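# Here is my input; please provide its structure:
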Amino acid sequence: MLALGVVIGLVVMGFAAAVRDATRAPVPGPTVTATVTATTTVTVTHTPLISVPTQIPTRLPSVSAPVTLPSSLPSFQFPKIPGFNTGNDGNG
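Now for the predicted structure:
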């Protein structure tokens, strides 16, 4: 009697698993679409967006600007720090 109950339980569980697998939503797979076209003549019209000069100058024009320097540049001395200015640093 116990063996018959085990067999019936296994059959019911197997049937429930089969129903569950059958009603489960399928996993979406990759979709491949192939399009085949036949072309006899291909015409490509190219319009340049940037106009390139036909002759590049060999020498670029020079640009000069006047530069004036002051007759004397301001002098700078390092500040004297007590205990650090012991060498010949120009501070005397």
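# so where's this structure uncertain?
Applying pLDDT under 70 to the chain flags residues 22, 25-63, 67, 69-70, 73, 76, 78, 84-92.
# give me that answer again for 50
Along the chain, no part satisfies pLDDT under 50.
# burial count for residue 9?
For residue 9, the count of nearby residues is 10 (other Cβ atoms under 10 Å). In short, each C-beta sits where N, CA and C put it, glycine included.
# Check which helix or strand it maps to.
According to DSSP states H and E, residue 9 maps onto helix 2-23.
# helices and strands around that helix, which ones?
Using 3 or more Cβ pairs under 8 Å, 6 or more residues apart in numbering; DSSP states H and E as the contact test, no helix or strand touches helix 2-23.
# Dump it to CSV, restricted to CA.
The C-alpha trace of helix 2-23 is given here as CSV (Å, rounded to 0.1, in the frame of the first residue of the first chain):
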residue,chain,number,x,y,z
LEU,A,2,2.8,2.3,0.9
ALA,A,3,4.6,1.5,-2.4
LEU,A,4,1.5,2.3,-4.3
GLY,A,5,1.2,5.7,-2.6
VAL,A,6,4.9,6.5,-3.4
VAL,A,7,4.3,5.6,-7.1
ILE,A,8,1.2,7.7,-7.3
GLY,A,9,3.0,10.6,-5.7
LEU,A,10,5.9,10.4,-8.1
VAL,A,11,3.5,10.3,-11.1
VAL,A,12,1.6,13.3,-9.8
MET,A,13,4.9,15.2,-9.2
GLY,A,14,6.1,14.3,-12.6
PHE,A,15,2.8,15.4,-14.2
ALA,A,16,2.9,18.7,-12.3
ALA,A,17,6.5,19.4,-13.4
ALA,A,18,5.5,18.6,-17.0
VAL,A,19,2.6,21.0,-16.8
ARG,A,20,4.8,23.7,-15.3
ASP,A,21,7.4,23.4,-18.0
ALA,A,22,4.8,23.4,-20.7
THR,A,23,3.1,26.6,-19.5
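# buried set for that helix?
When burial is assessed from 16 or more other Cβ atoms under 10 Å, helix 2-23 yields no buried residues.
# let's have the chain start at 502 instead
All set: I'll call the first residue 502, so the last point we hit is now helix 503-524.
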